[in-house]
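Participant: sequence first, then the predicted structure:
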Amino acid sequence: MPKKRGLFRISIHRTGELRRGADVVPCEVVELTEKGFGLESSLRVATGEAVELRFDLTDKWPIQCTIQVSHAAPPRLGGNITAISPEHQESLTRFIDQHTTINLPGV
């Protein structure tokens with residue numbers, strides 16, 4: 001049985017970079033949750049592979065983390081966060097909380 005998503009996904013558009021060893025390529029972060037990201041990139045990756053992701057969530061909140069690729073259908077890929085600093089996780093959580101509050105109907 002497929003695993004159901006339990007997190008609210010937010011559509012965004014942020015330019016960043018993916019790094020795998022010596023390979024560094026630009027990417028576009030197109031969606032996020034507190035646990036992972038949806039991306040577009042020319043980097044060819046395999047499911048299960050780990051890559052480094054860097055992007056600016058806002059001008060004050062850079063995000064740097066390691067993601068494990070959960071699906072890859074070029075140019076789209078998605079991954080779960082496997083390593084992130086507490087500060088960057090806090091920034092990600094704060095951004096999602098603010099976005100959710102702003103976009104809730106009736107608030």
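Facilitator: In hand now; what should we look at?
Participant: alpha carbons only for contacts and neighbour counts from here, please
Facilitator: Will do.
Participant: for this structure, which segments count as strands?
Facilitator: Along the chain, counting by DSSP state E, strands occupy 10-20, 23-32, 36-41, 50-56, 62-73, 76-84.
Participant: tell me which of these is the most buried.
Facilitator: strand 36-41 (a mean of 21; mean count of other CA atoms under 10 Å).
Participant: so which elements touch that strand?
Facilitator: strand 23-32, strand 76-84 (3 or more CA pairs under 8 Å, 6 or more residues apart in numbering; DSSP states H and E).
Participant: and the angle from it to strand 50-56?
Facilitator: Orientation of strand 36-41 against strand 50-56 (axes from the mean of the first three to the mean of the last three CA atoms, to 10 degrees) gives an angle of 90 degrees.
Participant: who does strand 36-41 pair up with?
Facilitator: strand 23-32 (antiparallel), strand 76-84 (antiparallel) (DSSP bridges).
Participant: just the CA coordinates for that strand, please, in CSV.
Facilitator: Extracted in CSV, the C-alpha atoms of strand 36-41 (Å, rounded to 0.1, in the frame of the first residue of the first chain):
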residue,chain,number,x,y,z
GLY,A,36,11.0,17.4,1.8
PHE,A,37,11.1,19.1,-1.5
GLY,A,38,9.9,18.9,-5.1
LEU,A,39,12.5,20.1,-7.6
GLU,A,40,13.2,20.6,-11.2
SER,A,41,16.8,20.1,-12.4
